[in-house]
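S.K.: after the sequence you'll find the predicted model.
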Amino acid sequence: MIQRGGFMSTIPTGVKQLLLANIALFFLTSLMKIGGVNLNEWLGLHLTESSMWYPWQYVTSMFMHGGFSHLFFNMFALFMFGRILEQVWGTKRFVIYYMLCGLGAGLLHNFVSWMELGRILDPCREFALNATPEALYDVAKHLGDGLFKKDVIFGFIDKWQENPSNPMYIAEAKQMVATISSTYTDIVENTTTVGASGAVFGILLAFGMLFPNTEMYIMFLPIPIKAKYFVAIYALIELFAGVQHIPGDNVAHFAHLGGMLIGFIILKIWRMRRNTFY
């Protein structure tokens, strides 16, 4: 007897194609890097103020990954939860949902980054026109603790305010702001975001909304947790991490939240007749 098919034949079409596209681009990126070509520079998502930003990156960045573990966990989640959603929705609706969540993730990430960087670079430009202790304070108050010692800058401002016309203080302040401006300008140019995480977080949200009472076993957690609680806790953790700006954290938390937000909006618009499964 000849057994036809196999493991791949059990994976729905949409999930299978997304898995293959992500895996293929990962290995292509690795091979090109050996030859000195970094595809992330062209296909990864850059900030809109960067000279390397192109509109297509909102799509292509969803299929790029920073390493094998990044790829593995995203694809594992896509396989585990995506195939269930595709069986419920059908291929077309599932792929549309996945892509829109990924696009929303990239858009929200870039919008939040634009807001955060603008709060520093705009005051730097204002300081260049009017170098005063107050203008330096406007620059310093939004700095991240991981790049500059804010307490040192505030201490300098206190001393400068005692003698605001001192040319030595003014020169030191200008050098300080020039360094800050250069550092954050480099961040704008060199920040690249890759990964399917935004779309995957949209999938997690949909699973939690469609199958809220399904019990899940999470690694390192000895007891099962219902999907609705897992998704809610995960979203709160991402929001906390995104707001806190933990030094050394290079995860695009607002991209994850963007995928969830767009997913929530889409699910509400669709107004499924049967939107809860047990």
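M.R.: Alright, I've got the coordinates.
S.K.: switch to C-alpha atoms for all contacts and neighbour counts from now on
M.R.: OK.
S.K.: for the stretch 151-278 of the chain, just list every one of the strands.
M.R.: 192-193, 215-216, 225-226 (DSSP state E, counting those that start in this stretch).
S.K.: the first one pairs with which strands?
M.R.: So that's strand 192-193. strand 45-46 (antiparallel) (DSSP bridges).
S.K.: next SSE after the partner strand?
M.R.: Next in sequence after strand 45-46, counting helices and strands by DSSP states H and E, comes helix 57-60.
S.K.: buried set for stretch 100-111?
M.R.: 100-110 (16 or more other CA atoms under 10 Å).
S.K.: ditto for stretch 142-156
M.R.: So, applying 16+ other CA under 10 Å, buried residues of stretch 142-156: 142-144, 150, 153-154, 156.
S.K.: dump the residues you listed into TSV; add pLDDT as well.
M.R.: Formatted as TSV, the buried residues of stretch 142-156 follow (pLDDT from 0 to 100):
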residue	pLDDT
His142	82
Leu143	83
Gly144	70
Lys150	81
Ile153	89
Phe154	89
Phe156	90
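S.K.: farthest pair within those?
M.R.: Gly144 and Phe156 (17.4 Å; CA to CA).
S.K.: the longest helix that the chain contains: how far from the chain's middle?
M.R.: Counting residues, the longest helix found in the chain (DSSP state H) is helix 91-129. For helix 91-129, the separation from the chain centroid amounts to 9 Å (computed by CA atoms, centre = their mean, to the nearest Å).
S.K.: ok, stretch 75-92 next?
M.R.: 22 Å.
S.K.: list the contacts of that stretch.
M.R.: 11-15, 19, 93-94, 200, 203-204, 206-207 (CA atoms under 8 Å, 6 or more residues apart in numbering).
S.K.: and which of these is nearest Ala131?
M.R.: Nearest to Ala131 among the contacts of stretch 75-92, with distances taken as CA to CA, is Val200, at 46.5 Å.
S.K.: for Glu86, see how far away the closest residue to that closest one other than its chain neighbours is.
M.R.: Ranked by CA to CA, 6 or more residues apart in numbering and with sequence neighbours excluded, the top spatial neighbour of Val200 is Leu78, at 6.2 Å. Per CA to CA, to the nearest Å, Leu78 is found 11 Å from Glu86.
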